[in-house]
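>>> would you be able to build a 3D model of this:
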Amino acid sequence: MSKQAIHDRIDSLRQALVKQDLSAIIVPSADPHLSEYLPEYWQARLWLSGFTGSVGTLVVTADFAGLWTDSRYWVHAADQLADTGITLEKLAPKQPNHIDWLSEHLSEGDSVAIDGNVLSIAEQGRLLDAFEAHDITLITDRDVLTDIWADRPALPTAKLYEHDEQFVSQSAADKLAAVRSGMQEVGATHHLLSSLDDIAWLTNLRGSDVDYNPVFLSHMLISANEATLFVDKQKVSSGIEKELKDGGITLADYDAVQQALSELTVDDLLLLDPNKVAVGTLSQMVDGVGFIEQIAPSTLLKSVKSDADVDHVREAMRQDGAALCEFFSAFEERLASGERLSELDVDSMLIDARSQQPHYVSPSFPTIAGFNDNGALPHYRATPEKFSYLDVNEGEGGLLLIDSGAQYQNGTTDITRVVGIGQVTDEHKRDFTTVLKAHIALARAHFPDGIASPLIDAICRAPLWQAQMDYGHGTGHGVGYFLNVHEGPQVIAYSASTPKERAMKVNMISSNEPGLYREGKWGIRIENLVVNKAVANPNETEFGDFLNFETVTYCPIDTRLIEKSLLDQVEIDWLNDYHSQVYAELNSRVEGAALEWLTKRTQAI
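Here you go, the predicted model:
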């Protein structure tokens, strides 16, 4: 996308604001389901700004255009926004966000537009609270973009499909009954779901409407006796429609959800998650309907996998580990032969290796393969227009960070490894080993059953903090079961709030991914997936039950990057035990060069 195209689009947007007598517009990264990854139809912020990061909010006024994003994307955004007329605004503690900026720079009587179809109820509340004090009007029912986005992509039309029965441990009918039980606990007569992964989990269906996430565009309205799935009916086969009906779920058109909600009365109580339902979805509701605003029962239920689900995930991890052995052995052999490889080659080789495994569907997110300074961008993505070759000068070295994952019918994977290329330095090793110490600290942690997940972040960061180092992203996120690679409610990040919904429970799956980033030099991140398990040999005390982590990612950590003197014996034992387990899980699944690579990379240090 050319810089001039960005200028032209912002100019057209400003003309539309004048035409509609609007002072400003907010364009978030969102869709009517408040998804992380968006169908192209809803990628308005990308289309207007050219910024490809997954998180960012664009604000445009008559004489200003700014894009707010967090520290993961600052370098990336600065590059993409250069010469576009859009100012990079850095989201950071004690720095004004876009709401603060608008409140400060607009005048009394001004109006701000945002598409209500992509505005969550919770975010609307924050905007209204801020603007009311400054007599600024929030407008959510204007269509500002249609006239200027002439070639807007169509909504996706991919067919729905069933999650393979052999990997489903609970019927849709049983899941629906569990959700209804949650509704009864709070006295709700109806429950609205717009979160796509919740709906896919509840129905045991999957789709291809959103890249990397096996979900489909839909809403769901549930009452004590009825459940309606609002979806493009052309995507649904007669067989799936019958399966849904047998499970107590009827179909309606995707766009019919507003009409259905308009039929609720003042005697009804609607349960919804204010962070996962858009204002526009409720646009036809009558006044007086009661709301219960809290996390959806399905979000909590989905986060706790069954024992059978966890067993399937372990097998998916073995498949992924075998694929990674094939990848790394081929990758290192090609490098050693003198072949010139690029970050793009890493991505294509990973996809090729994983696609040979049973039940493979797709990548679970865009591969991050960042060499040297690109690795210092936590969410870097190489493109055909901009990428680096893995070149080092004679006697020098570099670090390649590879963060990748896959969707298999039997599980979702997410792993990060760092590879040394050429002659790595003592500084490389010191940084890598410090991150490894952080990773091991969390992997070995014991913590109370039910503790709020953000509170255990400090356990992981302690070795880095001791060395006066840190990283700007969270340490861990929940992971779906053949669903979104980022899943709540748990999040391991000290900056996150600690409501009771973020309690750590047995069979939750999360990531353990501390990092360290030296801008302009290199990035390091070591990521495995972990499952919450009850402590195997609990002490019978008055202090309650405790959990620990089972690491279920099976792939060697590059010991060539370790400065052994920085590890204590407990850490060395953990690493050797981990590599022993990796070898045991994978050695029968690979042969030839891949087995030789696995054997070499799992040797004790």
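>>> center of this structure - which residue?
Nearest to the geometric centre of the chain sits residue 486, at 3.2 Å (C-alpha atoms, centre = their mean).
>>> from what I can see it touches residue 35, true?
No. Counting by C-beta atoms under 8 Å, residue 35 is not a contact partner of residue 486; they are 10.2 Å apart. All C-beta atoms are positioned from the backbone trio N, CA, C, and that covers glycine.
>>> doesn't residue 491 make contact with residue 501?
No. Assessed by C-beta under 8 Å, residue 501 is found out of contact with residue 491, at 10.7 Å.
>>> follow-up on the earlier one: for the residue nearest to the centre of the chain, give its distance to residue 367.
15 Å (C-beta to C-beta, to the nearest Å).
>>> ditto for residue 85
Applying C-beta to C-beta to residue 85 and residue 367 gives a distance of 31 Å.
>>> show me what contacts residue 155?
Shown in contact with residue 155 (C-beta atoms under 8 Å, 6 or more residues apart in numbering): 39, 41, 209, 217, 232.
>>> what about the closest residue to the last one other than its chain neighbours, how many residues nearby?
Nearest-residue entry for residue 232: residue 254, 5.0 Å, with adjacent residues in sequence omitted and distances by C-beta to C-beta, 6 or more residues apart in numbering. The number of residues packed around residue 254, counting by other C-beta atoms under 10 Å, is 18.
>>> remind me which residues of this protein are low pLDDT?
Judged against pLDDT under 70, the chain has no low-scoring part.
>>> strands of the stretch 501-605 of the chain, start to end?
Secondary structure of the stretch 501-605 of the chain, counting by DSSP state E, counting those that start in this stretch: strands at 509-512, 515-518, 522-525, 528-534, 546-551.
>>> quick one: the longest one to chain centroid distance?
Relative to the centre of its chain, strand 528-534 is centred 18 Å away, using C-alpha atoms, centre = their mean, to the nearest Å.
>>> then the last one?
Strand 546-551 has its C-alpha centroid displaced from the chain centroid by 22 Å (C-alpha atoms, centre = their mean).
>>> report all helices and strands that that strand contacts.
Contacts defined by 3 or more C-beta pairs under 8 Å, 6 or more residues apart in numbering; DSSP states H and E place strand 546-551 against helix 426-443, strand 446-448, strand 528-534.
>>> let me have those in JSON lines, extended by distance to residue 299 and mean neighbour count.
Formatted as JSON lines, those follow (distance: least, C-beta to C-beta, whole Å; neighbours: other C-beta atoms under 10 Å):
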{"stretch": "helix 426-443", "distance to residue 299": "24", "mean neighbour count": "21"}
{"stretch": "strand 446-448", "distance to residue 299": "21", "mean neighbour count": "15"}
{"stretch": "strand 528-534", "distance to residue 299": "16", "mean neighbour count": "20"}
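>>> tabulate these (JSON lines), appending distance to residue 360.
JSON lines is the format used below for the helices and strands packed on strand 546-551 (distance: least, C-beta to C-beta, whole Å):
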{"stretch": "helix 426-443", "distance to residue 360": "27"}
{"stretch": "strand 446-448", "distance to residue 360": "34"}
{"stretch": "strand 528-534", "distance to residue 360": "17"}
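>>> rewinding a little: which of the contacts of residue 155 count as buried?
39, 209, 217, 232 (16 or more other C-beta atoms under 10 Å).
>>> ok, these vs residue 375, which is closest?
residue 39 (29.5 Å; C-beta to C-beta).
>>> how much space between the closest one and residue 134?
34 Å.
>>> and if you look at residue 583?
Residue 583 is 63 Å from residue 134, by C-beta to C-beta.
>>> okay, the two: which has more neighbours?
More neighbours surround residue 583 than the other of residue 583 and residue 134, with 17 against 14 (other C-beta under 10 Å).
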